[in-house]
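K.L.:
turn this into a model:
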Amino acid sequence: MTKTELLYDHYKESFSLSRDAQSQRNKQFIFLCIGIASLYLFIVEPKTMETAFSSWLKGSISIDVMLPLNVILSLVWVMILYITIRYFQLNIYIERQYIYISKIEKNLSVESKLEINRESTNYSYKYPFVLNMIHYIYTWGIPILLIIVVLLKIILEWLTFSGWFFIIFNTVIASTIILLTISYLPFIHKKSK
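P.N.:
Model prediction:
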């Protein structure tokens, strides 16, 4: 196998891994949006959400118990933390893969004496305005919305205090989500600097 063939095989495999990660990221994004919506609904309709969540547990997991709102909220907080972590991990992995695939394309172009730039310069050439808008929604809008909803929900939990264990547990999780999101923003925006 020649160096060019080896490099091309590596390029195909790296691109395939990146596509798989993008598919997983898209699913996590949907789950994150559902999590944000759930937190919001717990702000405006807590009793309805308590009933809906208990019904979901009964139907999906066959747990026929009416859980207290505190327990349900803590479970929701844990799920949102997990989804946030997975979503950020996948996004960071994908961003790092773009850089790596771009380097492979440059090396492959030199080795093969053909211009190969599908994922690097070609992708960003004459980047449409609408894609810039979508990029800003994903990289600014959703993280800021997440921070706002998490802050509102945890403040509301403190105002309607219902036990030290749950309030401290939920505050730690909410703080972790906010810190992760704030830490994520500089990474996702470092290319534009």
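K.L.:
which SS state does residue 162 fall under?
P.N.:
coil (DSSP: H, G, I helix; E, B strand; the rest coil).
K.L.:
just checking, it touches residue 70?
P.N.:
Yes - using Cβ atoms under 8 Å, residue 162 is in contact with residue 70, at 5.7 Å. For the C-beta atoms, the positions are set from N, CA and C on the backbone; glycine is no exception.
K.L.:
have a look at the two and say which one is more surrounded.
P.N.:
Legend: neighbour count by other Cβ atoms under 10 Å for residue 162 and residue 70, higher for residue 70 (17 against 13).
K.L.:
and the longest helix anywhere in the chain, what does it pack against?
P.N.:
Counting by DSSP state H, the longest helix found in the chain is helix 69-112. If contacts are counted by 3 or more Cβ pairs under 8 Å, 6 or more residues apart in numbering; DSSP states H and E, helix 69-112 sits against helix 3-44, helix 46-61, helix 142-159, helix 164-189.
K.L.:
and the next helix or strand past the one helix or strand in the chain whose mean pLDDT sits lowest?
P.N.:
Least confident element among the helices and strands of the chain, by mean pLDDT, DSSP states H and E: helix 121-124 (a mean of 67). Later in the chain than helix 121-124, the nearest helix or strand by DSSP states H and E is helix 129-136.
K.L.:
got the angle for that next one vs helix 164-189?
P.N.:
Here helix 129-136 runs at an angle of 150 degrees relative to helix 164-189 (axes from the mean of the first three to the mean of the last three Cα atoms, to 10 degrees).
K.L.:
avg pLDDT for helix 129-136?
P.N.:
Mean pLDDT, computed over helix 129-136, is 89.
K.L.:
do the same with stretch 23-40
P.N.:
Across stretch 23-40, pLDDT averages out at 95.
K.L.:
contact partners of that stretch?
P.N.:
With contacts defined as Cβ atoms under 8 Å, 6 or more residues apart in numbering, stretch 23-40 is touched by 49, 76, 79-80, 83-84, 86-87, 90-91, 94, 138, 142, 145-146, 149-150, 153.
K.L.:
stretch 79-87 now?
P.N.:
24-25, 28-29, 31-32, 35-36, 38-39, 146, 150, 173, 176-177, 180-181.
K.L.:
again with stretch 10-19
P.N.:
94, 97, 98, 100, 101, 104, 105, 108, 116, 119.
K.L.:
buried subset of the residues you listed?
P.N.:
Buried members of the contacts of stretch 10-19, scored by 16 or more other Cβ atoms under 10 Å, are 94, 97, 101, 104, 105, 108, 116, 119.
K.L.:
measure the third one to residue 13 for me?
P.N.:
Spatial separation of residue 101 from residue 13 under the definition Cβ to Cβ, to the nearest Å is 11 Å.
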